[in-house]
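> Dropping a prediction and its sequence here:
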Amino acid sequence: MSISNNFITQLFNSKIIKILPNILLKFIIKKKKIYFVKSDLNILPSTNYPFGFTEQQLDQYYEIIDKKKNNLPFNEFPHLALLLKSIFQNKSAFSLLDFGAQFIDNFLFLKKNNPNMVYYYHDQKDNNLIIQKFIEKKKLKDIYVLQNEVEIKSINYDFIYFGSVIQYVENYKKIIEDILSKKPKYVFFSGTSFYFNYSDESLITKQLNVFPQINYCYFFNYKNLSQLMSKNNYYVDYVCENMNDKLINYKHINKVINDECKYLDILFKLKE
């Protein structure tokens, strides 16, 4: 029996999924190879994409990065360290904001390859606190935890890194505009879903690849985001499909919105 894309969208946006057995829903997701469905929401839920870690996990990452020179961090763009080195190798120091940084491994790897880097960490509230304690325990240098948007806005940066995170941020436009007001030299959106012809500025999808956990995330109109950046005097310096693109299935959502979604890395540079 064939199941239409519209029916699937309606099904996963209805209250009935709360009473249907997970085994049936998992079967539909697997059978139809569904990664995202278009939601009927206009704003992200207040509780979304729960992600946490323990101090023991941080210790493990610390040991791995410390002992294995070429062990890459859990990062949406594995060549970030090389990119930073090519840009800032002749600078005595540069600053980087890692927005949605998650673990400590990104800092450890980047710092090993870019000793002239000053690193600013920001993530979910509980993660910020755990990282702060870890920094103090290990007596790490050149890393600072920013607890909130006020602290983020108070600092000037050379490089902003959004590693597959901006799509999970409700007030994403304000965050971007606040950061752009500080005129960082580069802003990098890595591992982010875009469409090109669908008219809305953004849309909210349900992410079902880790069902029964359901995460909600934005898809962005490429033209609109580019115009937002251009308005603030930034241009596209580099754009490419993310290396994890082949692992993400857009077939269902493509048919629903009649567009071709892509998982992109985009580097914006401030015009001189």
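Right, received. Where do you want to start?
> ok, so what distance separates the closest residue to Asn221 other than its chain neighbours from Asn148?
Nearest residue to Asn221 in three dimensions, chain neighbours excluded: Glu201, at 5.3 Å (C-beta to C-beta, 6 or more residues apart in numbering). In this view, the C-beta of every residue, glycine as well, is placed from N, C-alpha and C. Between Glu201 and Asn148 the distance is 26 Å, computed by C-beta to C-beta, to the nearest Å.
> Of those two, which one has the most company?
Ranked by neighbour count (other C-beta atoms under 10 Å), Glu201 and Asn148 place Glu201 first, with 14 against 10.
> Got the phi and psi for that one?
Backbone geometry at Glu201, expressed as degrees, to the nearest 10, gives phi -60, psi -40.
> do Asn215 as well
phi -110, psi 150.
> check contacts around Thr47.
By C-beta atoms under 8 Å, 6 or more residues apart in numbering, Thr47 lies in contact with nothing.
> Mind telling me what element Gly191 is part of?
According to DSSP states H and E, Gly191 maps onto strand 186-195.
> mind checking how far the helix or strand of the chain with the lowest mean pLDDT is from the chain centre?
The helix or strand of the chain with the poorest confidence is helix 55-67; it has a mean of 81 (mean pLDDT, DSSP states H and E). Distance of helix 55-67 from its chain centroid, counting by C-alpha atoms, centre = their mean, to the nearest Å, is 22 Å.
> again with stretch 118-137
Relative to its chain's centre, stretch 118-137 lies at 17 Å (C-alpha atoms, centre = their mean).
> same thing with stretch 152-170?
Relative to the chain's own centre, stretch 152-170 is displaced by 9 Å; criterion: C-alpha atoms, centre = their mean.
> re the thing from before, tell me the strands beside the strand holding Gly191, with direction?
Strand pairing for strand 186-195, determined by DSSP bridges: strand 159-163 (parallel), strand 215-221 (parallel), strand 262-270 (antiparallel).
> mind exporting that strand as CSV, just the C-alpha atoms?
Output in CSV follows, covering the C-alpha atoms of strand 186-195 (Å, rounded to 0.1, in the frame of the first residue of the first chain):
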residue,chain,number,x,y,z
TYR,A,186,34.1,35.9,9.1
VAL,A,187,30.9,34.1,9.9
PHE,A,188,30.7,30.4,9.1
PHE,A,189,27.4,28.4,9.0
SER,A,190,28.3,24.7,8.9
GLY,A,191,25.9,21.8,8.4
THR,A,192,22.7,23.8,7.8
SER,A,193,19.7,22.9,5.7
PHE,A,194,18.7,25.3,2.9
TYR,A,195,16.1,25.4,0.1
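> Whichever helix or strand comes after that strand - what's its average pLDDT?
Next helix or strand after strand 186-195 toward the C-terminus (DSSP H and E): strand 202-207. Strand 202-207 carries an average pLDDT of 94.
> any idea of the angle strand 202-207 forms with strand 186-195?
70 degrees (axes from the mean of the first three to the mean of the last three C-alpha atoms, to 10 degrees).
> quick one: contacts of strand 202-207?
12-13, 35-39, 41-44, 193, 195, 214-221, 224, 253, 257.
> repeat for stretch 58-68
So stretch 58-68 is contacted by Asn71, Pro73, Phe103, Ile104, Asp105, Leu108, Phe109, Lys112, Ile130, Ile131, Phe134, Lys138 (C-beta under 8 Å, 6+ apart).
> remind me which residues of the stretch 101-250 of the chain are low pLDDT?
For the stretch 101-250 of the chain, the stretches with pLDDT under 70 are 245.
> can I assume Ser164 is in contact with Ser193?
No. Ser164 lies out of contact with Ser193 (C-beta atoms under 8 Å); the separation is 9.4 Å.
> Of the two, which one has the most company?
More neighbours surround Ser193 than the other of Ser164 and Ser193, with 24 against 21 (other C-beta under 10 Å).
> What spatial separation is found between that one and Tyr218?
The spacing between Ser193 and Tyr218, counted by C-beta to C-beta, is 8 Å.
> Quick check: Ala101 vs Thr47, distance?
For Ala101, the distance to Thr47 equals 20 Å [C-beta to C-beta].
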